[in-house]
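Q: What follows is a predicted structure for the sequence shown.
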Amino acid sequence: MISEILFMEEAEADLEAEKVMSLSRFFYGRTGDTTNSAAYWVDDDGVMQGRDDMAEDSSAKFSTLGASSYLDLPEDYVSRAAQANPIIDANFQQLLTAVKKSLGFIFDKEIIDLEGAGRMGFHIFDERANGEEAQWHVDMPFENAGIVWPEPPAAPFTFTLPLRLPRGVGGLDFQDEGGAERYYPYTVGNLYLSDGLFPHRIANPIRIMEGENRITLQGHGVFSGVSDAAFVYF
């Protein structure tokens, strides 16, 4: 159900995690549903502005760097992608290119950023998540009405790249084919790939201490129904 691919060294992953945290003024506070807090904006002179710290409304349980098809309402998703994509491209182009190259090798397909959608993005969890349990779900982000498909979509896939885990601990809760609940531990720097069409949720196995973070690169993809390509997005 889940494939694990060696991708990058832990030290390399930590450098990427540091870059994510340096952009905290551009984070969106997330409650886990489609109620979101704007973390940054464009002023009257067309200049991107952000907060000076990670302060967010009290309902936020985690953050994302990037627009999210499963957390943003359709009317927000496209505009937030247009704001967030230049930030992600400017800071993580090498990482995103490496992920697409790896996926292309695995699937033997051309991997293309989905135009108009959010780039692969990041989940950032801290001590606000303590005591919280994510909802069981299957991945259906392709149903976001803000997405315009250049080619008819076929089979979906989803992937996660852990860049930092609190004390090295984190993973995924999932239900196997018999309905039994299981825990799949992550290793920092490895790429985890599945179709996302089985019940699962982000695991919260340990208490996150102040100053610790769980940072993952997140992405979804859909194979084209007409060409030898796959489109990726967040």
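A: Looks like it came in fine.

Q: Identify each buried residue in the longest helix along the chain, please.
A: Identified as the longest helix of the chain according to DSSP state H is helix 74-107. Neighbour counts over helix 74-107 (16 or more other Cβ atoms under 10 Å) mark 76-78, 80-81, 83-85, 87-88, 91-92, 95-96, 98-100, 102-103, 107 as buried. Every C-beta, even on glycine, is put in place using the N, C-alpha and C of the backbone.

Q: now it: mean pLDDT?
A: Rounded to a whole number, the mean pLDDT of helix 74-107 is 96.

Q: Same question for stretch 209-228.
A: 96.

Q: Any chance you could give me that stretch in PDB, C-alpha atoms only?
A: What follows is stretch 209-228, C-alpha atoms only, in PDB (Å, rounded to 0.1, in the frame of the first residue of the first chain):
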ATOM      1  CA  MET A 209       8.200  19.700  22.600                       C
ATOM      2  CA  GLU A 210       8.600  23.400  22.400                       C
ATOM      3  CA  GLY A 211      11.100  24.200  19.600                       C
ATOM      4  CA  GLU A 212      10.500  20.900  17.800                       C
ATOM      5  CA  ASN A 213       8.800  20.600  14.400                       C
ATOM      6  CA  ARG A 214       7.400  18.000  12.100                       C
ATOM      7  CA  ILE A 215       8.100  19.300   8.600                       C
ATOM      8  CA  THR A 216       7.100  17.300   5.400                       C
ATOM      9  CA  LEU A 217       7.000  18.000   1.800                       C
ATOM     10  CA  GLN A 218       3.500  17.000   0.500                       C
ATOM     11  CA  GLY A 219       2.300  16.400  -3.000                       C
ATOM     12  CA  HIS A 220      -0.400  14.800  -5.000                       C
ATOM     13  CA  GLY A 221      -0.400  13.600  -8.600                       C
ATOM     14  CA  VAL A 222      -2.700  12.300 -11.300                       C
ATOM     15  CA  PHE A 223      -1.800  10.300 -14.400                       C
ATOM     16  CA  SER A 224      -3.100  11.700 -17.600                       C
ATOM     17  CA  GLY A 225      -5.800   9.600 -19.300                       C
ATOM     18  CA  VAL A 226      -4.500  10.500 -22.800                       C
ATOM     19  CA  SER A 227      -0.700  11.100 -22.700                       C
ATOM     20  CA  ASP A 228       2.400   9.600 -21.100                       C
END
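
Q: Brilliant, that's me finished.
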